[in-house]
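**Student:** The following comprises the amino acid sequence and a computationally predicted model.
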Amino acid sequence: MVKPVFNLVKCHYSYLLAKATLLILGFVLIIDLVSCFMVASSCEELSSVSQANLYYLQNNFFFMKTINLLIIVFLYSYPFTKKQDNYCTLIITGAVSRNKYFLSKVFTIALFLFAFTWLEACIYIIIGALYYPIIVLDYHSILLFVNLYLLMFYYGLIALLLIQLSDNIYMAIVPFALYIIATSLVEAEEKLAILTIILPTISIDFRNTNNDLCQIAFLIIVFLFLNMIVYHKRDF
C-alpha cells in the first residue's frame, strides 16, 4: 500500500518540478532573504525589543503572505489543467483509482508547499536571530507560519476547484483577488467582513490565531471533498 502511493508521489514530482517552477520559487526565496536582511537592519533604529519584534514580523510576514498566495494558487491550479494533467490516463488503472490519483497529486503539492514554507520560516528565523540577535522568535511567530501554510493550501484548493470547472488558468487569479478583498474589508472593519467566514485572512493578532487555524482546517476539508467530487466526474 505504501509503495504504490510513494511511486505515485514520485511520478507527480517529476511533472511538478519543472525548471520554470523551481526558478520562480528560488527567486521568491532570494527576495525573502533580501527582505529579512533589510527589515532586520532597520530594527537597529528601534529602542525596545518589543518594537523590534513587531516591526520585523509585520514587514516580513506581509510580503511573504502576499507573494506566496499569488504563486501558490497557480501551483495548485496549473498542474490540473487538462493539458498538464493528461498523463493521468496512463496511470489510472484498476489498481490506481481516480480518487487515489487525485489525492496523491494534491498531497504531493502539499508536501512541496510545506517544504517551501519551511524554508521561508528558516530564513525568517536565521536572519532575525543572527543579524539582530535581540529579536525574540516566540511560539506565536512560528504558529503564524503554520497559519500561512494552511491558508495557502485553502486558497490553492479554491483555485483548483475553479480550474476544474473552467479549465482556464486565468481563473487562478480569482482566489488571490478574493483574499485581497477580504483583507481590505477586515482592515476597514466593514460589516461585509463576515465574508471572512469562507474567505479567511491572516492576522498577527495572536489572540485569534488558534481560532483561525481551526477555521481554515475545516474549510480545507470541505474544499478538498468538493474538488474530489468534481475531479471524479471530469472528462479526459
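**Tutor:** Perfect, thanks for sending it.
**Student:** any idea how far Asn99 is from the one residue sitting closest to the centre of the chain?
**Tutor:** Nearest to the geometric centre of the chain sits Met152, at 2.4 Å (C-alpha atoms, centre = their mean). Distance, Met152 to Asn99, by C-beta to C-beta, to the nearest Å: 23 Å. For glycine as for every other residue, the C-beta is placed from the backbone atoms N, C-alpha and C.
**Student:** What of Phe74?
**Tutor:** Going from Phe74 to Asn99 by C-beta to C-beta gives 24 Å.
**Student:** between these two, who's got more neighbours?
**Tutor:** Using other C-beta atoms under 10 Å as the criterion, Phe74 and Asn99 rank with Phe74 on top: 18 against 13.
**Student:** what about the closest residue to the more buried one other than its chain neighbours, how many residues close to it?
**Tutor:** Closest residue to Phe74 apart from its sequence neighbours, by C-beta to C-beta, 6 or more residues apart in numbering: Ala172 at 5.1 Å. Counted with other C-beta under 10 Å, the neighbours of Ala172 add up to 25.
**Student:** Would you mind finding the longest helix in this protein?
**Tutor:** Ordering each helix of the chain by length in residues (DSSP state H) puts helix 98-131 first.
**Student:** quick one: buried residues of that one?
**Tutor:** Within helix 98-131, the residues scored as buried using 16 or more other C-beta atoms under 10 Å are 98, 101-106, 108-110, 112-113, 116-117, 120-121, 123-125, 127-128, 131.
**Student:** do stretch 158-173 as well
**Tutor:** By 16+ other C-beta under 10 Å, the buried positions in stretch 158-173 come out as 158-164, 169, 171-172.
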